[in-house]
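Asks: Need coordinates for the following:
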Amino acid sequence: MLDAARRLITPSARSDVPPFMVMDVMAAAARIEAAGGRVIHMEVGQPAAAPPASAIAAARAALASGRLRYTESLGIATLRARIARHYEESYGVAVDPARVVVTTGSSAAFVLAFLALFEPGDRVAVALPGYPPYRHILSALGCEPVGIETTQATRWAITPEMLMAAHRKAPLKGVLVASPANPTGTMMPAQALGALVTAAESEGIRFISDEIYHGLDYAFAAETAARLSDNCVIINSFSKYFCMTGWRIGWMVAPEPLVRPLDRLQGNLAVSVPTMSQIAAEAAFDGRAEMEAVKHGYEENRRILLEGLPKAGLDKTLPVDGAFYLYTDVSRFSDDSFEFARRMLAQTHVAATPGIDFDPLKGRHFIRFCYAGAAAEMHEAVERLANWLKA
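Replies: Coordinates of the predicted model:
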């Protein structure tokens with residue numbers, strides 16, 4: 001019976017995507033905790049802080065009302081208008097609320113954007129190192145992710161020259177860029193981002209800007225692609241700056257011709273985004289002062305790691321411009337970042353993500369630490385790692 005079922009139910013080829021390794025690290029950390037160990041979690045990009053009080057209060061009121069019904073597929077009109085106003089307030093850019101699409105986190109926004117922009121077989125450029133689900137979602141949808149290896153010489157970002165070189169090998173239909181980036185935390189200056197947008201559009205390459213770490217910038221102010229072109233697809237989320245990961249609420253700013261296709265796709269795939277999360281998200285904008293205080297905590301954590309990790313022997317780190325990640329070279333200790341992360345978790349109970357998750361080519365030399373936790377945990381992690389690496 002079981003053999004017959006296995007012959008009948010064969011997973012599709014498109015489902016054969018690599019796992020998101022950080023989830024495997026989380027599972028291993030959970031096993032240690034179940035056995036009584038205490039793990040310092042630096043593996044997942046998840047803020048330890050709570051969402052704004054305004055968001056929680058709005059959600060409680062919505063739940064108490066008992067009227068959590070479907071919304072329009074594109075999102076609640078007042079939330080879309082509030083997101084549009086955010087661009088005026090934060091960047092001085094006028095965005096038509098009609099171009100705002102509310103999504104179930106940035107993850108759903110990537111799926112919708114890829115479906116609306118690309119056909120099966122289309123080649124889409126992404127930076128290496130970079131967020132692995134970019135590549136995995138594109139592959140599952142039948143597209144071809146084209147990894148462009150970045151280097152210190154380009155400040156770990158795709159340049160117009162690199163994009164055009166990949167385009168000449170075989171035509172690209174799109175490019176996806178994140179600034180601040182995951183896992184590196186590096187950012188593109190406004191001039192560099194503008195030059196890349198111009199180069200892409202001159203060749204008919206669709207431009208997707210992942211801006212989910214906007215607001216978490218330390219070295220200089222993050223630039224939005226919304227200022228540079230109305231043809232870019234901008235993706236953002238309430239998960240990171242507003243500390244609302246589990247609420248699964250994000251948004252897109254889409255070129256006008258894509259709005260109706262996105263409306264149709266979302267209506268068929270999800271009907272609408274969870275109503276309570278939308279209500280809470282709109283109220284979250286009233287909690288910016290709280291979130292700025294949380295950001296200052298990240299800056300202190302960043303300082304602790306930048307001062308402490310070199311003393312522990314981890315002295316080669318990419319520029320930590322924004323987000324809440326530190327991407328460090330561990331090649332003096334190991335040429336297998338997955339095994340290094342496994343041993344580090346087992347022997348120090350510090351959980352971090354192997355670079356191979358973010359870069360199948362050079363990631364074996366790197367580890368990503370997330371510093372979105374408490375300052376005391378950062379100090380303790382540095383102490384644990386120093387004792388381990390110097391043993």
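Asks: For the longest helix belonging to the chain, which outside residues touch it?
Replies: Using DSSP state H, we find that the single longest helix of the chain is helix 288-312. Contact partners of helix 288-312, identified using C-beta atoms under 8 Å, 6 or more residues apart in numbering, comprise 47, 49, 52-53, 215-216, 218, 241-243, 315, 317, 320, 324, 326, 328, 369, 371-375, 378-379, 382, 385-386, 389-390. Bear in mind the C-beta positions are built from the backbone N, C-alpha and C, glycine included.
Asks: Just the buried ones from the residues you listed, in PyMOL syntax?
Replies: In PyMOL, a selection of the buried entries from those looks like this (16 or more other C-beta atoms under 10 Å):
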select buried, resi 47+49+52+215+216+218+241+242+243+317+320+324+326+328+369+371+372+373+378+382+385+386+389
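Asks: Can you tell me which of the contacts of helix 288-312 end up in helices?
Replies: Using DSSP H, these in helices are 53, 375, 378-379, 382, 385-386, 389.
Asks: Pick the one among those residues closest to residue 19.
Replies: Distance ranking of the ones in helices among the contacts of helix 288-312 against residue 19, using C-beta to C-beta, places residue 385 first at 25.5 Å.
Asks: Helices of this structure, start to end?
Replies: For the chain, applying DSSP H gives helices covering 2-8, 21-34, 53-65, 77-91, 105-117, 132-140, 160-169, 190-202, 256-269, 275-284, 288-312, 337-348, 375-389.
Asks: Of all those helices, which one comes closest to residue 125?
Replies: So among these, helix 160-169 is nearest, using C-beta to C-beta, at 5.6 Å.
Asks: May I see the buried residues of the closest one?
Replies: 160, 162-164, 166-167.
Asks: contact partners of that helix?
Replies: Applying C-beta under 8 Å, 6+ apart, the contact partners of helix 160-169 are 125, 146, 148, 150, 154, 172, 175, 195-196, 198-200, 203, 205.
Asks: In a markdown table, list the residues you listed along with pLDDT, distance to residue 233 and neighbour count.
Replies: As requested, the contacts of helix 160-169 are arranged in a markdown table below (pLDDT from 0 to 100; distance: C-beta to C-beta, whole Å; neighbours: other C-beta atoms under 10 Å):
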| residue | pLDDT | distance to residue 233 | neighbour count |
| --- | --- | --- | --- |
| 125 | 98 | 14 | 22 |
| 146 | 98 | 18 | 21 |
| 148 | 98 | 19 | 19 |
| 150 | 96 | 21 | 23 |
| 154 | 92 | 23 | 16 |
| 172 | 98 | 15 | 23 |
| 175 | 98 | 11 | 27 |
| 195 | 98 | 18 | 16 |
| 196 | 98 | 14 | 25 |
| 198 | 98 | 16 | 13 |
| 199 | 98 | 17 | 20 |
| 200 | 98 | 12 | 26 |
| 203 | 98 | 17 | 14 |
| 205 | 98 | 12 | 22 |
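Asks: tell me which of those residues is nearest to residue 349?
Replies: Proximity of these to residue 349 (C-beta to C-beta) peaks at residue 150, which lies at 32.1 Å.
Asks: got a list of what the nearest residue to that closest one once chain neighbours are set aside touches?
Replies: The shortest distance from residue 150 to any non-neighbouring residue, by C-beta to C-beta, 6 or more residues apart in numbering, is to residue 156 (4.6 Å). For residue 156, the contact set (C-beta under 8 Å, 6+ apart) comprises 127, 129, 150, 181, 184, 186, 318-319.
Asks: if we can go back for a sec, which single one of the contacts of helix 160-169 is nearest to residue 275?
Replies: Among these, and counting by C-beta to C-beta, the member closest to residue 275 is residue 175, at 34.1 Å.
Asks: ok, and the closest non-adjacent residue to that closest one?
Replies: In space, residue 175 is closest to residue 125, 4.2 Å off (C-beta to C-beta, 6+ apart).
Asks: For that neighbour, give the beta-bridge partners.
Replies: Per DSSP bridges, the residues bridged to residue 125 are residue 146, residue 175.
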